[in-house]
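Enquirer: Below are the sequence and a predicted model for it; my questions follow.
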Amino acid sequence: MKPAYVFCHSLEVSLGIGPDIKDITGELTRLSKFSKIEYGVLCANVVGSTGSLTTIEFEPGVVKDLKDAIHRLAPPDMPYAHEQAWHDGNGHSHVQAALLGPSISIAVRNGRLCLGTWQQVVVINHDNHARNRSIEITIAGT
(Lines give C-alpha, C1' and ligand atoms only; values in the text may rest on other atoms or scores of the structure.)
Protein backbone atom coordinates (compact mmCIF):
# COMPACT_ATOMS: atom_id res chain seq x y z
CA MET A 1 0.00 0.00 0.00
CA LYS A 2 1.31 3.45 -0.91
CA PRO A 3 1.76 6.02 1.87
CA ALA A 4 -0.62 8.97 1.90
CA TYR A 5 0.69 12.51 1.55
CA VAL A 6 -0.69 15.92 2.43
CA PHE A 7 0.21 19.08 0.51
CA CYS A 8 -0.81 22.52 1.83
CA HIS A 9 -0.67 25.95 0.18
CA SER A 10 -2.09 29.45 0.71
CA LEU A 11 -3.28 31.29 -2.39
CA GLU A 12 -3.84 35.06 -2.34
CA VAL A 13 -6.38 36.56 -4.78
CA SER A 14 -7.19 40.26 -5.22
CA LEU A 15 -10.87 40.90 -5.82
CA GLY A 16 -12.90 44.04 -6.45
CA ILE A 17 -16.18 45.18 -4.91
CA GLY A 18 -18.65 42.33 -4.70
CA PRO A 19 -19.81 40.34 -6.24
CA ASP A 20 -16.45 40.02 -7.99
CA ILE A 21 -15.66 36.60 -9.44
CA LYS A 22 -12.22 35.24 -10.38
CA ASP A 23 -11.33 31.93 -12.00
CA ILE A 24 -8.70 30.05 -9.94
CA THR A 25 -8.84 26.75 -11.84
CA GLY A 26 -5.42 27.22 -13.42
CA GLU A 27 -3.75 27.81 -10.09
CA LEU A 28 -5.48 24.82 -8.48
CA THR A 29 -4.46 22.63 -11.44
CA ARG A 30 -0.85 23.82 -11.12
CA LEU A 31 -0.82 23.08 -7.38
CA SER A 32 -2.36 19.65 -7.91
CA LYS A 33 0.38 18.74 -10.41
CA PHE A 34 3.07 20.17 -8.11
CA SER A 35 1.78 18.04 -5.20
CA LYS A 36 2.45 14.86 -7.22
CA ILE A 37 -0.65 13.30 -5.63
CA GLU A 38 -2.23 10.88 -8.11
CA TYR A 39 -5.37 9.82 -6.21
CA GLY A 40 -7.02 11.86 -3.50
CA VAL A 41 -8.89 15.08 -2.93
CA LEU A 42 -8.22 18.81 -3.16
CA CYS A 43 -9.99 20.82 -0.49
CA ALA A 44 -10.05 24.60 -0.62
CA ASN A 45 -11.63 27.20 1.63
CA VAL A 46 -11.73 30.96 1.39
CA VAL A 47 -10.88 32.76 4.64
CA GLY A 48 -13.44 35.36 5.72
CA SER A 49 -17.19 35.50 6.14
CA THR A 50 -17.87 37.52 2.97
CA GLY A 51 -16.15 35.23 0.45
CA SER A 52 -17.25 32.03 -1.26
CA LEU A 53 -16.04 29.28 -3.60
CA THR A 54 -18.04 27.43 -6.26
CA THR A 55 -17.82 26.13 -9.81
CA ILE A 56 -19.33 27.63 -12.96
CA GLU A 57 -18.63 27.82 -16.66
CA PHE A 58 -16.43 30.90 -16.49
CA GLU A 59 -17.70 32.86 -19.46
CA PRO A 60 -19.12 36.41 -19.44
CA GLY A 61 -22.78 35.38 -19.76
CA VAL A 62 -22.71 32.92 -16.88
CA VAL A 63 -20.63 35.30 -14.74
CA LYS A 64 -23.26 38.05 -15.27
CA ASP A 65 -26.10 35.60 -14.60
CA LEU A 66 -24.47 34.46 -11.36
CA LYS A 67 -23.89 38.05 -10.18
CA ASP A 68 -27.53 38.88 -10.94
CA ALA A 69 -28.73 35.76 -9.08
CA ILE A 70 -26.55 36.60 -6.07
CA HIS A 71 -28.11 40.07 -5.91
CA ARG A 72 -31.61 38.58 -6.14
CA LEU A 73 -30.87 36.14 -3.29
CA ALA A 74 -29.65 38.84 -0.89
CA PRO A 75 -30.10 42.35 -2.34
CA PRO A 76 -27.75 45.06 -1.04
CA ASP A 77 -30.61 47.54 -0.63
CA MET A 78 -32.57 45.49 1.93
CA PRO A 79 -32.30 46.13 5.69
CA TYR A 80 -30.11 43.63 7.55
CA ALA A 81 -29.84 43.18 11.33
CA HIS A 82 -26.05 42.99 10.95
CA GLU A 83 -26.01 46.62 9.85
CA GLN A 84 -27.96 47.73 12.93
CA ALA A 85 -25.04 46.52 15.03
CA TRP A 86 -22.06 47.40 12.81
CA HIS A 87 -23.29 50.11 10.38
CA ASP A 88 -20.88 48.85 7.73
CA GLY A 89 -23.36 48.30 4.91
CA ASN A 90 -22.32 44.71 4.23
CA GLY A 91 -25.08 42.62 5.80
CA HIS A 92 -25.98 41.35 2.33
CA SER A 93 -22.34 40.30 1.78
CA HIS A 94 -22.45 37.91 4.75
CA VAL A 95 -25.76 36.39 3.65
CA GLN A 96 -24.65 35.96 0.03
CA ALA A 97 -21.41 34.25 1.06
CA ALA A 98 -23.21 31.96 3.51
CA LEU A 99 -25.66 30.84 0.82
CA LEU A 100 -22.87 29.87 -1.60
CA GLY A 101 -20.45 28.52 1.01
CA PRO A 102 -16.75 29.00 1.78
CA SER A 103 -15.30 25.69 0.58
CA ILE A 104 -15.07 23.15 -2.19
CA SER A 105 -13.73 19.60 -2.55
CA ILE A 106 -12.55 18.19 -5.86
CA ALA A 107 -11.51 14.60 -6.50
CA VAL A 108 -8.02 14.00 -7.89
CA ARG A 109 -7.70 11.03 -10.25
CA ASN A 110 -4.61 10.10 -12.25
CA GLY A 111 -3.03 13.34 -11.05
CA ARG A 112 -5.82 15.49 -12.50
CA LEU A 113 -8.66 17.46 -10.94
CA CYS A 114 -12.00 15.86 -11.76
CA LEU A 115 -13.66 18.85 -13.40
CA GLY A 116 -15.85 18.96 -16.49
CA THR A 117 -14.73 20.60 -19.71
CA TRP A 118 -16.78 23.73 -18.98
CA GLN A 119 -16.40 23.68 -15.19
CA GLN A 120 -14.09 26.17 -13.55
CA VAL A 121 -13.48 26.87 -9.85
CA VAL A 122 -14.16 30.48 -8.87
CA VAL A 123 -13.65 32.59 -5.78
CA ILE A 124 -16.19 35.32 -5.09
CA ASN A 125 -15.85 38.45 -2.99
CA HIS A 126 -19.29 39.54 -1.77
CA ASP A 127 -18.08 42.48 0.34
CA ASN A 128 -18.90 46.11 -0.40
CA HIS A 129 -15.22 46.93 -0.82
CA ALA A 130 -12.27 45.29 -2.57
CA ARG A 131 -10.52 42.49 -0.71
CA ASN A 132 -7.41 40.36 -0.90
CA ARG A 133 -8.74 36.88 -0.23
CA SER A 134 -6.68 34.05 1.20
CA ILE A 135 -7.63 30.59 -0.01
CA GLU A 136 -6.29 27.68 2.02
CA ILE A 137 -5.68 24.58 -0.08
CA THR A 138 -5.05 21.05 1.14
CA ILE A 139 -4.44 18.16 -1.22
CA ALA A 140 -4.36 14.73 0.39
CA GLY A 141 -3.88 11.30 -1.11
CA THR A 142 -1.40 8.91 -2.65
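Expert: Looks like it arrived, so ask away. Just so it is clear, the structure is predicted and the values come from calculations on it, not from any experiment.
Enquirer: SS state for the residue nearest the centre of the chain?
Expert: The centroid of the chain falls nearest to residue 53 when counting by Cα atoms, centre = their mean (2.0 Å). Following DSSP: H, G, I helix; E, B strand; the rest coil, residue 53 is assigned to strand.
Enquirer: tell me which element the closest residue to it other than its chain neighbours falls in.
Expert: Distances taken as Cβ to Cβ, 6 or more residues apart in numbering place residue 104 nearest to residue 53, at 4.5 Å, with adjacent residues excluded. Where you see a C-beta, it was placed from the backbone N, CA and C, and this is true even at glycine. In this structure, residue 104 sits in strand 103-109 according to DSSP states H and E.
Enquirer: for residue 92, same thing?
Expert: Using DSSP H and E, residue 92 sits within helix 91-100.
Enquirer: ok so, going back, the residue nearest to residue 53 is in contact with residue 52, isn't it?
Expert: No. Residue 104 lies out of contact with residue 52 (Cβ atoms under 8 Å); the separation is 9.3 Å.
Enquirer: Confidence-wise, which helix or strand of the chain is lowest on average?
Expert: helix 81-86 (a mean of 88; mean pLDDT, DSSP states H and E).
Enquirer: what's it in contact with?
Expert: Residues from elsewhere that reach helix 81-86 (Cβ atoms under 8 Å, 6 or more residues apart in numbering): 88, 89, 90, 91, 94.
Enquirer: what are the bridge partners for the residue nearest to residue 53, then?
Expert: Residue 104 has these beta-bridge partners by DSSP bridges: residue 44.
Enquirer: For the protein, identify the residue most remote from the centre.
Expert: residue 1 (33.4 Å).
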